[in-house]
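# have a look at this prediction, sequence included:
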Amino acid sequence: MPPFSALFPLVAILLWSGNVMVSRLSAHTIDPYAITFWRLALAVALMSLFVPAAAWRNRAAIVAQLPRLAFLGFLAMALFQCLSYEAAKTTTATNMAIMTALVPLLTMLLSVALLGETPTAGMACGAVLSFAGLVWLITAGNPAALLAGGVHAGDLLMLAAGGAYALYGVLLRRWHVGLPSWQSTYVQAIAALLFMLVPLLRLPLVDALPNRASLPLIAYAGSLASVVLPFFWMQGVKHLGPNRCSMYMNLLPVFTAALAVGAFGEQLHAYHLFGGAVALAGVLLAQTWRAPLVGRREQTGAAAE
């Protein structure tokens, strides 16, 4: 493993943190449907510079997987992004990053239900720990606020966005589309772009078109976050493996909080630090404690029955 391999996921997470900043800046600048569409349009245009030739040679395999690729693109590039941009209107960048960092844990839990993977003690304890941390975080250290309806809608939307992305990861493993990463990403982006065309056309023209304030945001989201970030993440997975690479997502709230304090003047309160730390500890526990939740003897007995 080259000594600089850790730089790949680090750069990817730093770019992802910047994308959270873009989401917050876009909250009152451009409609969520519009920025999702235009960032996809730019990403597809950039990938069209180097992907189509290889994709055309592999067109038979791509056509066979089109329905699956279209649904994957809808989940990760349309639904996840739209929910994130909508969530940014009513929550903080720090909260958004913590919710996103829960994706590895949500992916593990969905893998048990959809892939039949054996649940581990780390998953069970980590899920409880992360849930407790999230409750503390989104209620600003006052869990009783849940009963009074005091939770920000943006936090719930961001949690739903994380669930959509987790489902994407599970289906990607279940379906084994078997395509090179760039070709798969390219076709998914085109499908997501077509999905987003419908809600875009329903917007008033003034809301559907980019304006001067939103152009830099679209430029970052469509190039650095949609093309450069996946390149670094793919390289990280190649050199470190998917499990070790996913550990770096725990740094997303750290980088994002640092940027948010400087860019937006967001204040870090004790409930941010405590709730976020507990939630991320749950993710780390789920990733590292691999002991089966059900003992080997119990599993063998159940199989015999």
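In hand now; what should we look at?
# for residue 141, helix, strand, or coil?
At residue 141 the chain is in coil, as set by DSSP: H, G, I helix; E, B strand; the rest coil.
# same thing with residue 179?
The three-state label given to residue 179 by three-state DSSP is coil.
# contacts only, for residue 293.
When contacts are counted by Cβ atoms under 8 Å, 6 or more residues apart in numbering, residue 293 touches 118, 119, 120, 121, 123, 124. C-beta coordinates here come from the backbone N, C-alpha and C atoms, glycine included.
# so what's it closest to, chain neighbours aside?
Leaving aside its sequence neighbours, residue 293 sits nearest to residue 119 (Cβ to Cβ, 6 or more residues apart in numbering; 4.4 Å).
# now do the phi/psi pair for that neighbour.
The phi/psi pair for residue 119 (degrees, to the nearest 10) reads phi -70, psi 140.
# same question, the one 4 residues further on
For residue 123, the backbone dihedrals (degrees, to the nearest 10) come out as phi -60, psi -50.
# that one - how many residues pack around it?
Residues contacting residue 123 under the criterion other Cβ atoms under 10 Å number 24.
# so how far is residue 289 from it?
Counting by Cβ to Cβ, to the nearest Å, the separation of residue 123 from residue 289 is 8 Å.
# secondary structure class for the residue lying closest to residue 251 once chain neighbours are set aside?
In space, and not counting its chain neighbours, residue 251 is closest to residue 13: 5.2 Å by Cβ to Cβ, 6+ apart. At residue 13 the chain is in helix, as set by three-state DSSP.
# so residue 13 versus residue 252, what's the distance?
Distance of residue 13 to residue 252, computed by Cβ to Cβ: 5 Å.
# now residue 112
Residue 112 is 24 Å from residue 252, by Cβ to Cβ.
# more neighbours, the two?
Ranked by neighbour count (other Cβ under 10 Å), residue 112 and residue 252 place residue 252 first, with 23 against 16.
# what helix or strand is the more buried one located in?
In the assignment (DSSP states H and E), residue 252 maps to helix 252-264.
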